[in-house]
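*Asks:* sequence and predicted structure, then a few things I'm wondering about:
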Amino acid sequence: MIICKETQYIEKKTKKAIIEFIFTDYTICVFQGSLSQFDIVIKYKKKGQKIRTPKHIHWTVDMLMKLQGDEALTRRYLLAIQHCWNTCVPLTNNDFATLKNLIEYGEKIIDITQYSTLSLFGEYNVEFLYVLMQLLAVQEKTNRADAYMFGDIICELLKPDRDIFKIVSTAGFGRRNR
């Protein structure tokens, strides 16, 4: 992954990215949001396609595919991501250095390389997913102290008797299933 500063634009080239994470096939861009001083807006782009806003359903479907490919390793990966969710705190700054450090520090803590074989299953590689999910988690926690959707999806994915309809409903519509 390559980390860059301020090259992508959105909204008729008026809003410049704070930070970009460039992978082989995808780029994740983070922009200043409008909900609060530290709000972030996350967008991603596959090479040759237009930039889009990630939805929980995107990474959830990919995780389901990884669970089918290697359940034990995917469960360990999800537990590491769940730990990130449980310990992440709202942003107190959303500048380039803060976001860069958040991702780089997290990748070292969970040792992302141990999950690399999961990239064989699904659309996304595990490093891309980690960056996307870490940013989504911190975005949720920054915007709402009582955020739960991300955590609920991971809990559902980790259940041994997971219910695909419940998972898709939670990821797609945000219904609380506790």
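*Replies:* The structure has been received and is ready for your questions. Residues are numbered from 1 along each chain as shown.

*Asks:* residues contacting residue 30?
*Replies:* Going by CB atoms under 8 Å, 6 or more residues apart in numbering, residue 30 touches 17, 18, 19, 20, 40, 41, 42, 43, 94, 99, 135. Yep, even glycine has a C-beta here, placed from its N, CA and C like the rest.

*Asks:* tell me the one among the residues you listed nearest to residue 142.
*Replies:* residue 40 (7.1 Å; CB to CB).

*Asks:* bridged to that closest one, which residues?
*Replies:* Beta-bridge partners of residue 40, counted by DSSP bridges, are residue 32.

*Asks:* tell me, how many residues neighbour it?
*Replies:* 21 (other CB atoms under 10 Å).

*Asks:* go ahead and confirm it touches residue 139.
*Replies:* Yes. Counting by CB atoms under 8 Å, residue 40 sits close enough to residue 139 to count as a contact (5.3 Å).

*Asks:* all strands for the chain, in order.
*Replies:* Using DSSP state E, the strands of the chain run over 2-4, 9-10, 15-16, 19-22, 26-32, 40-46.

*Asks:* and the nearest residue to residue 116 once chain neighbours are set aside, how many neighbours does it have?
*Replies:* Setting aside the residues directly before and after it, residue 116 is nearest to residue 126 in space (CB to CB, 6 or more residues apart in numbering), at 6.2 Å. If you count neighbours by other CB under 10 Å, residue 126 ends up with 25.
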